[in-house]
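Engineer: With the sequence up front, the predicted model follows.
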Protein chains: 2
Amino acid sequence: MNLDERKKLILESIIKDYVETAEPVGSRAIVRKHGLNVSAATVRNEMADLEEMGYLEQPHTSAGRIPSEKGFRYYVDWMMEKESLSDEEMEVLDKLLHENLRDWSDIAQGVGNFLAQVSNYTSFIIVPSIKFTQFQYLHLVPVQEGQALVLVVTDIGLLLHRKIDVPKGITVSDLQSVADVFNQVFRGKRLSEMKRSHLQILRDDLKNRRRVIDKALDAIDSLLENSGEEKVLISGALNILNEPEFKDLYKLKRILTILEEDELLRDILPESITQNVDYRIGKENQSEDIREMSLVFTGYQTSGDMGKMGLIGPIRMEYWKAAGTLDSVRTFIEDLLKKRN
Amino acid sequence: MNLDERKKLILESIIKDYVETAEPVGSRAIVRKHGLNVSAATVRNEMADLEEMGYLEQPHTSAGRIPSEKGFRYYVDWMMEKESLSDEEMEVLDKLLHENLRDWSDIAQGVGNFLAQVSNYTSFIIVPSIKFTQFQYLHLVPVQEGQALVLVVTDIGLLLHRKIDVPKGITVSDLQSVADVFNQVFRGKRLSEMKRSHLQILRDDLKNRRRVIDKALDAIDSLLENSGEEKVLISGALNILNEPEFKDLYKLKRILTILEEDELLRDILPESITQNVDYRIGKENQSEDIREMSLVFTGYQTSGDMGKMGLIGPIRMEYWKAAGTLDSVRTFIEDLLKKRN
DNA sequence: AATTAGCACTCAATGAATGCGAGTGCTAAC
DNA sequence: GTTAGCACTCGCATTCATTGAGTGCTAATT
């Protein structure tokens, strides 16, 4: 894994130039732009070496070199320095998230937009299933004769509000006492653990209350069904229009379609994920469809499962910036989640 | 405005063919495909007439004819028969909307997706400002020491839920009585009319209650600020990738960018709008940016302002299908909105 | 032994020249 | 009024030569 300093410098020059311009880089250009004290011919020799080692490749004989995927991988693993968010960018993020404290999924969407915007790539955020968030309390709010609103609040905020039918003639304090039952029995439990069977308390209870409780649990069940899975948020898919490698309309269409289908994203990420930034460069991706793209991603800790987020871009990606941005954003939202608790 | 039957038939043939294939239509093709009992030469003469009248145009001398925008306009105004949704499509819509009764804006998003899907164009739905919906009642739900949840319910369902700070030591019944004040004073009023000045009742009331009321009104104000404007929902923007006229990457990018910017859509629609389906074909559009596209749109009645929805596609659009679809969907959601009340 | 100048060579990209064919417009006959 | 026939037009695809950036190799230089 050791390249001598000059080879490293040349590899880096080629990567930086190529990422910027999307054009093969020639020996002359390197000498000129990066102020090496050797001639182009020397650089050519080094480049031939690097190519033989697999770090560079040539689109065709008479073109310059471009970094191979292995070249990018080497750079990312051994040479790269992450580039964090600038102060101004941090400020934007800060403002964005403190402006209005809404649902966590709203916040996540905001973070996604932010990621896409600062990076100019496509961002994704996977919000973990709410199954494992803690039930805090439930309120039953009468709406009108025969209807009530179920409110479920968890450790990450309000989650469910849904109308249910209730028996006519039920009073506010009836509803209150039903809610009290929930709050006693389930407080601190995870949503996924809320089962009818735990409500033995009610074995011989009033029929009316029983019915309301059933309805409320139905509502919770349906919540888990609808949003019980992790949620995938995608932002900035159109940013790939800026990448010259996708000027081919057919390719473009295929990729945009994938990016629109949030379901597909779940599959291209590894099951388990850590809070370190990780990379999948080009063909390192399992999924056929994104073999021409790179992924930079990381996990973030929530009160429940680990969430995931990341950026999708061309192989010719500013990995340094993407990784730095993700690092900054991760710490930021983890702080935010802690504070909200 | 009178064309003889044969000219109409020829115009229609050209429109149908061109809409389908995006290629100029030649005289031979018309005779062959549409079973005219005249020769190609005759059709050519008629076509020359139609061109002179401005209903057709020729991309270049040696090509067939394509309908001009005026030609499409004539067809839409005088000849077209709308093509309603098929039974299966109606069923899909029905299922979609009865599946889960959520927020109206969720429903609107669903309808938008549906429109985009059945039409294969880009759909937009403008949900009118909530300012003019009727306040039904407010609930204050204690969350934890020093915090409460404001719930505002209007005639179209739950609208706002936001945490506010409340003085410590305030009791549930205190909150309840504050809510009662709101419900007495504002019931049936429009959100935009809810002002502090109406709360003279409170002139000499307890300081604590006063403070809570102020906070709640702040929350409502902020609601109006954030979502007080009409909301634009766009769906299926990527459908334009299917249209060959946008194979030019530069055009494509410009248009997709516009479609992503929902703000811009507001501007391209006329201020006042009726429940009839209306059209803007190509250069009939005021806005520079969509002069190469057509709009088909209609208003839908809500309990407040008139909402708007429609489809954006190439000039070479299936107006008949688009108009029929919008008609069907309009009546559908108007029924839905009535029922929910 | 490493570096460099020099030069022949390669190959994509560009643009001019050419042929093809779909479709028209016109004329003369029906 | 309709139609057959035919010359004509013009976009499109193909071919071919030209250009130029960039390489690889060799021989000279440090």
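Structural biologist: Perfect, I can see it now.
Engineer: neighbours around the spatially closest residue to residue A:245 that is not a sequence neighbour, how many?
Structural biologist: Residue nearest to residue A:245 in three dimensions, not counting chain neighbours: residue A:314, with 5.1 Å by CB to CB, 6 or more residues apart in numbering or on different chains. From N, CA and C alone the C-beta is placed, and that goes for glycine too. By the measure other CB atoms under 10 Å in any protein chain shown, the count of residues near residue A:314 is 20.
Engineer: Residue A:314 is in contact with residue A:295, correct?
Structural biologist: No - assessed by CB atoms under 8 Å, residue A:295 is found out of contact with residue A:314, at 11.2 Å.
Engineer: so who does residue A:26 touch?
Structural biologist: Counting by CB atoms under 8 Å, 6 or more residues apart in numbering or on different chains, residue A:26 touches A:63, A:64, A:65.
Engineer: Please verify my assumption that residue A:28 contacts residue A:41.
Structural biologist: No - between residue A:28 and residue A:41 there is no contact under CB under 8 Å: 10.0 Å.
Engineer: So for the two, which residue has more residues nearby?
Structural biologist: residue A:28 (13 against 10).
Engineer: which stretches of the stretch 51-200 of chain A form strands?
Structural biologist: A:56-57, A:66-67, A:122-127, A:135-144, A:147-154, A:157-165 (DSSP state E, counting those that start in this stretch).
Engineer: TSV for these, including mean neighbour count and distance to chain B?
Structural biologist: Listed next are the strands of the stretch 51-200 of chain A as TSV, based on neighbours: other CB atoms under 10 Å in any protein chain shown; distance: least, CB to the nearest CB, whole Å:
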stretch	mean neighbour count	distance to chain B
strand A:56-57	20	26
strand A:66-67	23	22
strand A:122-127	26	13
strand A:135-144	20	5
strand A:147-154	22	7
strand A:157-165	19	6
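Engineer: how about TSV for those strands, with distance to DNA strand C and mean pLDDT added?
Structural biologist: Formatted as TSV, the strands of the stretch 51-200 of chain A follow (distance: least, CB to the nearest atom of the strand, whole Å; pLDDT from 0 to 100):
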stretch	distance to DNA strand C	mean pLDDT
strand A:56-57	13	96
strand A:66-67	13	98
strand A:122-127	26	94
strand A:135-144	60	82
strand A:147-154	56	83
strand A:157-165	53	74
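Engineer: Residue of chain A closest to DNA strand D, please.
Structural biologist: Proximity of chain A to DNA strand D (CB to the nearest atom of the strand) peaks at residue A:26, 3.1 Å away.
Engineer: ok, that residue to residue A:18 distance?
Structural biologist: 11 Å (CB to CB, to the nearest Å).
Engineer: And for residue A:42?
Structural biologist: In terms of CB to CB, residue A:42 sits 20 Å off from residue A:18.
Engineer: neighbour-wise, which of the two wins?
Structural biologist: residue A:18 (21 against 15).
Engineer: Ends of stretch A:30-50, what's the gap?
Structural biologist: End-to-end span of stretch A:30-50 (CA to CA, to the nearest Å): 14 Å.
Engineer: wait, stretch A:55-62
Structural biologist: 18 Å.
Engineer: so does that stretch get close to DNA strand D?
Structural biologist: Yes - counting by CB under 7 Å from any atom of the strand, contacts between stretch A:55-62 and DNA strand D involve A:58, A:61, A:62.
Engineer: What remains of these if I keep only buried residues?
Structural biologist: Of the members of the residues of stretch A:55-62 next to DNA strand D, none is counted as buried by neighbours, 16 or more other CB atoms under 10 Å in any protein chain shown.
Engineer: which among those residues gets closest to residue A:308?
Structural biologist: Nearest to residue A:308 among those is residue A:58, at 36.4 Å by CB to CB.
Engineer: ok, the closest one touching residue A:65?
Structural biologist: Yes - using CB under 8 Å, residue A:58 is in contact with residue A:65, at 5.7 Å.
Engineer: so what sits against both of those two?
Structural biologist: Common contacts of residue A:58 and residue A:65 (CB under 8 Å, 6+ apart): A:24, A:51.
Engineer: The closest residue to residue A:241 other than its chain neighbours: neighbouring residues, count only.
Structural biologist: Leaving aside its sequence neighbours, residue A:241 sits nearest to residue B:253 (CB to CB, 6+ apart; 4.9 Å). Residue B:253 has 14 neighbours, counted by other CB under 10 Å.
Engineer: ok so, going back, so which of the residues of stretch A:55-62 next to DNA strand D also contact chain B?
Structural biologist: Taking CB under 8 Å from any CB of the partner chain as the test, chain B is in contact with none of these.
Engineer: want to try TSV for those residues, with distance to residue B:173 and pLDDT as columns?
Structural biologist: Below are these laid out as TSV (distance: CB to CB, whole Å; pLDDT from 0 to 100):
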residue	distance to residue B:173	pLDDT
A:58	80	95
A:61	86	90
A:62	85	90
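Engineer: ok, the residues you listed vs DNA strand C, which is closest?
Structural biologist: The nearest one, if we look at the residues of stretch A:55-62 next to DNA strand D relative to DNA strand C and count by CB to the nearest atom of the strand, is residue A:62, at 2.6 Å.
Engineer: Roughly how far does that closest one sit from residue A:313?
Structural biologist: According to CB to CB, residue A:62 stands 28 Å off from residue A:313.
Engineer: what do you get for residue A:39?
Structural biologist: From residue A:39 over to residue A:313 (counting by CB to CB), the distance is 35 Å.
Engineer: Comparing those two, which residue is more hemmed in?
Structural biologist: Ranked by neighbour count (other CB under 10 Å), residue A:39 and residue A:313 place residue A:313 first, with 23 against 12.
Engineer: Look up the residues forming beta bridges with the more buried one.
Structural biologist: residue A:294 (DSSP bridges).
Engineer: got the contact list for it?
Structural biologist: A:119, A:121, A:122, A:239, A:240, A:243, A:293, A:294, A:296, A:322.
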